[in-house]
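J.: Okay, here's the prediction I keep looking at, along with the sequence it came from:
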Amino acid sequence: MDFGLGFGKGPKETMAEEVTAIAKAEGLEEEEREMQPEFEGLALENGMNRKEKRKALKKMKRKQIRKEVAMKEREEVEAWLNDPEEQKRISLMEHEEAERSARERKEFEEREKAWLEAMEMQRKKKMEEEEEEEEEEQRRKALDEESRKQQVETANEVDESDEWEYEEGPAEIIWQGNEIIFKKKRVRVSKKNSHLEDSSIKEDVDRPTSNPLAPEFETFSEYRNSLMSGQQLIESVAEQVPNFGTELDKAHCPFHLKTGACRFGQRCSRVHFYPDKSCTLLIKNMYSGPGLAWEQDEGLEVC
């Protein structure tokens with residue numbers, strides 16, 4: 001007798017457990033007795049011993065138990081599905097799920113429609129603003145053009161009334177790498193003053209500007225009549241020398257002819273023309289000072 005079965009339990013519970021255990025044992029014994037002939041036949045055919053026969057018998061029991069459990073579960077599921085209350089509950093859940101899905105889709109479509117409308121309104125507003133800006137720009141350009149025309153007309157009227165005219169002013173020197181650009185500005189001057197300046201220039205055109213002699217000297221007339229002007233001298237030499245003023249002419253300095261100055265000065269191996277009147281300001285050591293870079297000097301050589 002097993003004394004551990006009734007420890008901590010009442011007599012009725014202990015008795016019920018004993019009855020259940022006995023029933024299970026009897027059921028297993030009945031199953032073993034039912035399956036015994038089959039296994040004995042298999043054992044005889046396959047030549048199994050007692051241990052292998054018991055092992056195969058237990059395996060078949062487990063298989064039979066699993067089959068019965070699966071059949072029982074299938075019957076329970078079929079009964080559960082065939083229950084009208086359960087079918088009603090399932091149909092109600094499906095209906096609620098369909099309503100929820102339809103409601104979410106409708107909300108999504110409404111939000112998408114509102115977003116598209118907002119984007120369309122924003123695009124139209126932006127196009128209207130761009131059109132307004134373009135119209136404003138055209139209007140401003142038209143006003144500027146009209147005001148410019150009025151200024152030109154007014155300036156023309158003033159010029160005609162006050163006798164003004166435009167002349168070339170002082171040149172502006174612009175350095176771009178090794179290139180030198182001369183940009184001249186137009187200056188408005190009076191016609192009367194320009195006529196006076198022209199007359200003064202015509203009067204003094206033959207007067208030397210470099211170390212001039214005073215008119216009261218006796219040698220001034222001889223100096224004026226005897227010396228040939230620089231332009232005439234250059235023209236006469238150009239007629240006599242082929243390739244004059246180019247690099248092929250090894251006798252005359254082309255750089256001095258173009259600029260009126262040479263960085264070699266008196267050390268240059270070529271001939272320099274020194275006219276009695278010059279528009280170039282010559283400075284001593286102009287090309288040997290620290291202020292001029294070699295690149296600019298080389299650029300001037302190429303000119």
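T.: Arrived safely, thanks for sending. Being a predicted model, the structure only gives us computed values, none of them experimental.
J.: Okay, Gln150 and Glu137: tell me how far apart.
T.: To Glu137, Gln150 is 20 Å away according to CB to CB, to the nearest Å. Every C-beta, even on glycine, is put in place using the N, C-alpha and C of the backbone.
J.: actually Lys72, not the one I typed
T.: Lys72 is 88 Å from Glu137, where distance means CB to CB.
J.: Also Glu128?
T.: In terms of CB to CB, Glu128 sits 15 Å off from Glu137.
J.: again, but for His252
T.: 60 Å.
J.: Assign Tyr274 to helix, strand or coil.
T.: coil (DSSP: H, G, I helix; E, B strand; the rest coil).
J.: oh sorry, the question was meant for Glu94
T.: Secondary structure of Glu94, per three-state DSSP, is helix.
J.: Can you get me a residue count around it?
T.: If you count neighbours by other CB atoms under 10 Å, Glu94 ends up with 10.
J.: where does it land on pLDDT?
T.: Listed pLDDT for Glu94 reads 91.
J.: before we move on, what about the one 4 residues further on?
T.: pLDDT for Ala98: 93.
J.: hmm, back to that, who's more crowded, His252 and Glu137?
T.: Between His252 and Glu137, counting by other CB under 10 Å, His252 is the more crowded of the two (19 against 10).
J.: Skip the chain neighbours and tell me the closest residue to that one.
T.: Counting by CB to CB, 6 or more residues apart in numbering, the nearest residue to His252 once its immediate chain neighbours are dropped is Val271, at 4.9 Å.
J.: how near is that neighbour to Gly245?
T.: 12 Å.
J.: got it, and Trp115?
T.: For Trp115 relative to Gly245 (CB to CB), the value is 79 Å.
J.: These two: which has the busier surroundings?
T.: More neighbours surround Gly245 than the other of Trp115 and Gly245, with 15 against 10 (other CB under 10 Å).
J.: pretty sure that one contacts His256?
T.: No - counting by CB atoms under 8 Å, Gly245 stays clear of His256, with 10.1 Å between them.
J.: okay, and the common contacts of Val271 and Gly245?
T.: His252 (CB atoms under 8 Å, 6 or more residues apart in numbering).
J.: Which residue ranges of this protein form helices?
T.: Along the chain, the segments classed as helices by DSSP state H run 11-46, 50-82, 84-162, 191-203, 219-226, 230-240, 254-259, 294-302.
J.: okay, the residue nearest to Leu81 when sequence neighbours are not counted: pLDDT?
T.: Of all residues not flanking Leu81 in the chain, Gln87 sits nearest, at 7.2 Å (CB to CB, 6+ apart). At Gln87, the model reports a pLDDT of 80.
J.: Repeat that for Ser91.
T.: Predicted confidence (pLDDT) for Ser91: 85.
J.: Kindly provide the distance from Arg105 to Arg111.
T.: 11 Å.
J.: Same question for Glu120.
T.: Glu120 sits 15 Å away from Arg111, going by CB to CB.
J.: try Arg103
T.: For Arg103, the distance to Arg111 equals 13 Å [CB to CB].
J.: what do you get for Glu136?
T.: Glu136 is 37 Å from Arg111, where distance means CB to CB.
J.: Check Arg89 too.
T.: 33 Å.
J.: next one: Arg100
T.: Separation of Arg100 from Arg111 (CB to CB) stands at 17 Å.
J.: Val241: neighbour count?
T.: Count around Val241 with other CB under 10 Å applied: 13.
J.: wait, what's in contact with the residue lying closest to it once chain neighbours are set aside?
T.: Spatial nearest neighbour of Val241, excluding adjacent residues (CB to CB, 6+ apart): Asp249 at 6.3 Å. Going by CB under 8 Å, 6+ apart, Asp249 touches 241-243.
J.: and which of those is nearest Glu145?
T.: Glu145 has its nearest neighbour among the contacts of Asp249 in Asn243, at 53.7 Å by CB to CB.
J.: Count the residues that sit near that closest one.
T.: So Asn243, with other CB under 10 Å, has 13 neighbours.
J.: Check it and give its pLDDT.
T.: pLDDT recorded at Asn243 is 78.
J.: Look up how far His272 lies from it.
T.: 18 Å.
J.: give the contact list for Met119.
T.: Per CB under 8 Å, 6+ apart, neighbours of Met119: none.
J.: Please export the C-alpha coordinates of stretch 138-148 as CSV.
T.: What follows is stretch 138-148, C-alpha atoms only, in CSV (Å, rounded to 0.1, in the frame of the first residue of the first chain):
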residue,chain,number,x,y,z
GLN,A,138,7.0,95.0,-66.0
ARG,A,139,5.3,98.1,-64.6
ARG,A,140,8.5,99.1,-62.8
LYS,A,141,10.5,98.6,-66.0
ALA,A,142,8.1,100.6,-68.0
LEU,A,143,8.2,103.4,-65.5
ASP,A,144,12.0,103.3,-65.5
GLU,A,145,12.1,103.4,-69.2
GLU,A,146,9.7,106.3,-69.4
SER,A,147,11.7,108.2,-66.8
ARG,A,148,14.9,107.5,-68.6
